[in-house]
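>>> Need coordinates for the below:
(2 chains)
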Amino acid sequence: MKRSLAFLPFVIAVIFGGFFLWGLNPERDPNEVPTVLISQPAPEFDLAPVPDIQTPGLSRDDLVGNPGPVVVNVFASWCVPCRAEHAVLTSLVERDRIVLFGINYKDKPEDAARWLAEMGNPYSRIGSDSSGRAGIEWGISGVPETFIVAPDGTVLFRYVGPVVGDTPVRKFRAALVEAGALPKGGA
Amino acid sequence: MLRAMTFLIAMTLAGMAAAVEPDEMLSDPVLEARARDISKELRCVVCLNQNIDSSNAGVARDLRLLVRERLVAGDTNEQALAFIQARYGDYVLLNPPWNAKTYVLWVAPLAMVIAALGIGFATVRQRRAGGRSAGHSAVEKNQLSTDEELEVANFIEHYNSGDRS
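From the prediction side, this is the model:
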């Protein structure tokens, strides 16, 4: 009994050390908000199209029954990082044949239309979420956010912030490969 | 009268709040007060260490409006909180709930205090008992064990019965 007590300080040091190691891990983002949606069915929502653009609107039904996983991107014309992310999303659609849906979050229709006219429109459907209510259903904390949704309507992945730069793009592509939207081993 | 009271309550509330805009407030002061209570329980998902009641973030405002909408629709405070929790997870509750993920969180402080007290008492008692047992052994050195006692009794008996060898 006495002898085993001698190990107690060591055990305590290991527990605290482990905690500090976890806390100091540079990969860990303390600002990360955990998502409840992963492996859950996508939320109910039904959004009208953005007026003045030809792209149809987006609802929960559009997420179900697609041939493969789809990418849902929450964007807005007032969101500066979305501008940077736009090129990445466009390349995913044009080069990798990813199906991309958009939720236009709290945007003025004319601003959204102008933004898409200027930047190009990679979205095959865009829902106009002018109230931000669908955004709450998706549990977003800001724009941009990007989700991968399986053909059965299950949310597989969520990326908070712009998918821009090497590491985010690598993470997102890895998630697409895992979802089965991209072939394995593709560059 | 009612209008004056509403005005008064609204003014007091406005004094306390930095973020709740007048256009968000409900006309019913009871519901509004409940909404304020609920808002203080909810974490703003943009500025993580603020509650939505004091946060100026856009999402916080949306959530405040949503809470009020739920209350007007007849939700209880718990139902309104659950509605937000279903969308944003336990993380939005500033008061962590009691569930499998948080048992350690809730129990650990109490367990640590109990363990500390236990170790403390054990140490003190051991020290005291140690001091006393040292005294005992000193006394015991001057006393005979039962076997020795028996031997002495035997010896005396033999002596008394005439065996004086």
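>>> for residue 44, what are its contacts?
By default, I'm working from chain A. Residues near A:Glu44 by CB atoms under 8 Å, 6 or more residues apart in numbering or on different chains: A:Arg60, A:Glu137. Every residue, glycine included, has its C-beta placed from N, CA and C.
>>> right idea, wrong chain: chain B
If you count contacts by CB under 8 Å, 6+ apart, B:Cys44 has them with B:Gln50, B:Asn51, B:Ile52, B:Ser55, B:Ala57, B:Val59, B:Ala60, B:Leu63.
>>> how near is the third one to chain A?
Using CB to the nearest CB, to the nearest Å, we find B:Ile52 at a distance of 12 Å from chain A.
>>> Same question for B:Gly58.
Using CB to the nearest CB, B:Gly58 is found at 7 Å from chain A.
>>> from what I can see that residue touches A:Gly135, true?
No: when contacts are counted by CB atoms under 8 Å, B:Gly58 is not listed as touching A:Gly135 (9.5 Å).
>>> Compare neighbour counts for the two and give me the winner.
The residue with more neighbours, out of B:Gly58 and A:Gly135 and counting by other CB atoms under 10 Å in any protein chain shown, is A:Gly135; that gives 24 against 15.
>>> What's the per-residue pLDDT of that one here?
The predicted local distance difference test score for A:Gly135 is 93.
>>> now do the one 10 residues further on
A:Glu145 is assigned a pLDDT of 95 by the prediction.
>>> Look up the residues forming beta bridges with it.
Residues in a beta bridge with A:Glu145, per DSSP bridges, are A:Val74, A:Val160.
>>> Report the contact partners of the closest residue to B:Ser54 other than its chain neighbours.
Nearest-residue entry for B:Ser54: B:Ala19, 5.2 Å, with adjacent residues in sequence omitted and distances by CB to CB, 6 or more residues apart in numbering or on different chains. B:Ala19 makes contact with B:Ile52, B:Asp53, B:Ser54, B:Ser55, B:Asn56, B:Ala60, B:Arg61, B:Arg64, according to CB under 8 Å, 6+ apart.
>>> Number of residues surrounding A:Val33?
A:Val33: 20 neighbours (other CB under 10 Å).
>>> so it touches B:Leu48, yeah?
Yes: under the contact definition of CB under 8 Å, A:Val33 touches B:Leu48, with a separation of 7.4 Å.
>>> for chain B, longest helix please?
Ranked by number of residues, the top helix in chain B under DSSP state H is helix B:103-141.
>>> for it, what is the average pLDDT?
81.
>>> Only C-alpha atoms, please: export the next helix or strand after that helix in PDB.
Next along the chain after helix B:103-141, taking DSSP states H and E as the criterion, comes helix B:146-160. Below are the C-alpha coordinates for helix B:146-160, written out as PDB (Å, rounded to 0.1, in the frame of the first residue of the first chain):
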ATOM      1  CA  THR B 146       1.000 -14.200  27.800                       C
ATOM      2  CA  ASP B 147       3.400 -17.000  27.200                       C
ATOM      3  CA  GLU B 148       5.900 -15.400  29.600                       C
ATOM      4  CA  GLU B 149       3.200 -14.800  32.100                       C
ATOM      5  CA  LEU B 150       2.200 -18.500  31.900                       C
ATOM      6  CA  GLU B 151       5.800 -19.500  32.400                       C
ATOM      7  CA  VAL B 152       6.100 -17.200  35.500                       C
ATOM      8  CA  ALA B 153       2.900 -18.600  36.900                       C
ATOM      9  CA  ASN B 154       4.100 -22.100  36.400                       C
ATOM     10  CA  PHE B 155       7.400 -21.300  38.100                       C
ATOM     11  CA  ILE B 156       5.600 -19.800  41.100                       C
ATOM     12  CA  GLU B 157       3.300 -22.700  41.400                       C
ATOM     13  CA  HIS B 158       6.200 -25.200  41.200                       C
ATOM     14  CA  TYR B 159       8.000 -23.200  43.900                       C
ATOM     15  CA  ASN B 160       5.000 -23.000  46.200                       C
END
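>>> in the longest helix of chain B, what's buried?
Neighbour-count burial for helix B:103-141, counted by 16 or more other CB atoms under 10 Å in any protein chain shown, picks out no residue.
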